[in-house]
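K.L.:
Mind looking at a prediction? Sequence and model below.
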Amino acid sequence: RDARSEALANALFDFLEERTKDQTNADPYLLAYDFWFSEGDELDKSTSGDIDLLLITFVLVIAFSFLAVRSYSDFVLSKGNVVWGAQLGVVLAIGSAFGLMGFCGVKFNPVVSTTAFLLLGLGVDDAYVLIQAYHTAGMRLGPEA
């Protein structure tokens, strides 16, 4: 919420409080009111836990990726260490995307919070493609390459 909407809501609340404090059941009409900041409050609540979830997701995806491409029998053809470079690219892409959005003044909302998960999924998928291409190129060219 910004300061203008907060001030308007407080003024409306004070106005309604003043109008309804002297009401009795004998009045021909009763003024009832209810308002809330559901959109802003719910957006704040829904995005506050996303950072912890994002960090846990990063750790699990990187660990799984490392274990999936690591070869314990052939350390020459093992691509386990390539995962670190591939995931570093994903982390830097997410950091630069959030930095650019912050620089451009994009407010943090649920759509923006899903951007990190989208970039993580696309980056990991591309990392697997690159690792597989690196793996097949090494087998085609032989150990001398």
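P.N.:
Looks like it arrived, so ask away. Numbers count the residues shown, from 1 in each chain.

K.L.:
can you map out the helices along the chain?
P.N.:
3-20, 38-48, 50-69, 80-103, 110-141 (DSSP state H).

K.L.:
Just give me the lowest mean pLDDT stretch among those helices.
P.N.:
Note on the helices of the chain: lowest mean pLDDT is at helix 38-48, with a mean of 66.

K.L.:
Now do Val61 against Val83, distance only.
P.N.:
10 Å (Cβ to Cβ, to the nearest Å). All C-beta spots, glycine's among them, are computed from the backbone N, C-alpha and C.

K.L.:
Neighbour count: the two, which is higher?
P.N.:
Applying other Cβ atoms under 10 Å to Val61 and Val83 shows that Val83 carries more neighbours, namely 23 against 18.

K.L.:
what separates the more buried one from Gly102, distance-wise?
P.N.:
Note on Val83: its distance to Gly102, by Cβ to Cβ, is 28 Å.

K.L.:
same thing with Thr24?
P.N.:
Here Thr24 is placed at a distance of 53 Å from Gly102 (Cβ to Cβ).

K.L.:
Please give the number of neighbouring residues around Gln87.
P.N.:
For Gln87, the count of nearby residues is 19 (other Cβ under 10 Å).

K.L.:
Not including adjacent chain positions, what is the nearest residue to it?
P.N.:
Counting by Cβ to Cβ, 6 or more residues apart in numbering, Ile62 is the residue found nearest to Gln87 once chain neighbours are left out, at 4.8 Å.
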